[in-house]
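>>> got a sequence here, can you model it:
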Amino acid sequence: MKTEHHIPPVLTSSIFLVALLLFSLHTASDAAAQSNGAFDTNLPLEITADSLEIRQDKQTAVFIGKVEVVQGEIRMRSDKLVVFYSDKKSSIEGAPANIRKIDATGNVFLSSPRETAQGDTGTYDVRNKRVDLMGNVVLTQGKNVLRGEKMTLDLITGKSRVDGGPATEGKSGRVRGIFVPEQKMDQ
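Numbers count the residues shown, from 1 in each chain. Take a look at the predicted model:
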């Protein structure tokens, strides 16, 4: 089943975190990301992995094994991270000059001090400014949790979409959200 709507404000920052973290993996700064203030793309970006393989013939950089990306208070972990690049300058305004796409696979986990997002795989399509997180997607902020099979965020329009998957034994195939109201202090 598909559910299309604007995500409640309480989880919007979680979804935007996914987009911003993947977006930050290049050195060009995007005005929208800077004005959001979610994190500073000018901070050093550290990527660690068990191995790095540059495949110039395929124009890819492949980080494998316990991959961790850290920029300020933002962290991402995955089993594998593949950066697809080109030698040509991008003709798309605001797009990084040489990164086309970033794929994270295996136990993808993103975190900031306030929220987390996880899934089996994640893709940032630089050219189309679109982020997809797929497979057992869980977005969490405090006690609020949103689950689905696929999350898509269009960075141009700001539109988010969370889709359920096929119904299987033990899974309804529907998008599920639990939103806990903030507790007000007695005055």
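>>> so for the strand or helix carrying Gly106, mean pLDDT?
Per DSSP states H and E: Gly106 is located in strand 99-111. If you average the pLDDT over strand 99-111, you get 90.
>>> also stretch 131-143?
Mean predicted lDDT for stretch 131-143 stands at 91.
>>> got the buried residues for it?
131-141 (16 or more other C-beta atoms under 10 Å). For the C-beta atoms, the positions are set from N, CA and C on the backbone; glycine is no exception.
>>> ok, stretch 177-187 next?
Gly177.
>>> which residue packs closest to Val82, ignoring adjacent ones?
Of all residues not flanking Val82 in the chain, Asp103 sits nearest, at 4.6 Å (C-beta to C-beta, 6 or more residues apart in numbering).
>>> same deal with Lys129?
In space, Lys129 is closest to Leu155, 3.9 Å off (C-beta to C-beta, 6+ apart).
>>> quick check: the one you found vs Phe109, distance?
Relative to Phe109, Leu155 is positioned 21 Å away (C-beta to C-beta, to the nearest Å).
>>> those two: who's more crowded?
Each of Leu155 and Phe109 has its neighbours counted (other C-beta atoms under 10 Å); Leu155 has more, 22 against 16.
>>> wait, the more buried one sits on Arg130?
Yes: Leu155 is within contact range of Arg130, at 6.7 Å (criterion: C-beta atoms under 8 Å).
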